[in-house]
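**Student:** Give me coordinates for this.
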Amino acid sequence: MTGGGARELAGRLGISEPTVTHWCRRTALPPPRRLQAWLRVLLAAQLLDDSGRSVKSVSLACGYLAEKSLRRVMRRFVGLDTRMLRKRGAFETSILAFNQELRTLREQRRSGRQAASRVVVPMAADDVTVPAREAPRAGDAAGLLSLKV
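**Tutor:** Prediction:
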């Protein structure tokens with residue numbers, strides 16, 4: 001698995017690459033590579049909520065090459081390290097960040113604006129700034145993961 005993207009997602013879904021890209025745009029979803037990265041982040045967050053799992057085991061289960069890779073991705077997407085995510089509720093905090101990105105994409109689609117470089121995700125008592133970047137490098141990717149929410 002290379003690291004995601006429209007071609008890979010299209011192959012896994014059995015549809016054409018232009019169709020994947022079209023539907024991501026039309027439904028105000030993140031681009032395919034970022035969407036796949038979010039699925040991995042949400043799966044990792046769900047697993048982090050299990051106190052019996054180490055960060056290393058979560059990172060390996062989600063296809064990251066090292067614990068450091070997972071920590072970096074969580075900070076990039078959610079704005080918090082794994083320790084703080086566990087304290088706040090990793091899945092709940094991560095899904096709030098994902099929902100905020102989706103809301104921002106919908107608002108931008110309605111107003112015709114380009115994607116913002118940063119998204120502010122409301123958290124408990126403070127705000128966390130989340131970079132709106134592309135997915136992790138290809139070396140970190142393990143594939144498209146399913147997540148039951």
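**Student:** show me what contacts the residue positioned nearest the centre of the chain?
**Tutor:** When C-alpha atoms, centre = their mean is applied to the chain, the residue found nearest the centroid is Trp38 (1.8 Å). Going by C-beta atoms under 8 Å, 6 or more residues apart in numbering, Trp38 touches Pro30, Phe77, Phe98, Glu101. Yep, even glycine has a C-beta here, placed from its N, CA and C like the rest.
**Student:** Helices - which of those land there?
**Tutor:** Assignment to helices by DSSP state H places the following of these there: Phe77, Phe98, Glu101.
**Student:** Please dump these into CSV; it should also carry pLDDT for every row.
**Tutor:** Supplementary listing: the ones in helices among the contacts of Trp38 in CSV, determined by pLDDT from 0 to 100:
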residue, pLDDT
Phe77, 97
Phe98, 96
Glu101, 94
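**Student:** Reduced to three states, what does Glu107 come out as?
**Tutor:** Recorded secondary structure, Glu107: helix (DSSP: H, G, I helix; E, B strand; the rest coil).
**Student:** so what's it scoring on pLDDT?
**Tutor:** For Glu107, the pLDDT comes out at 90.
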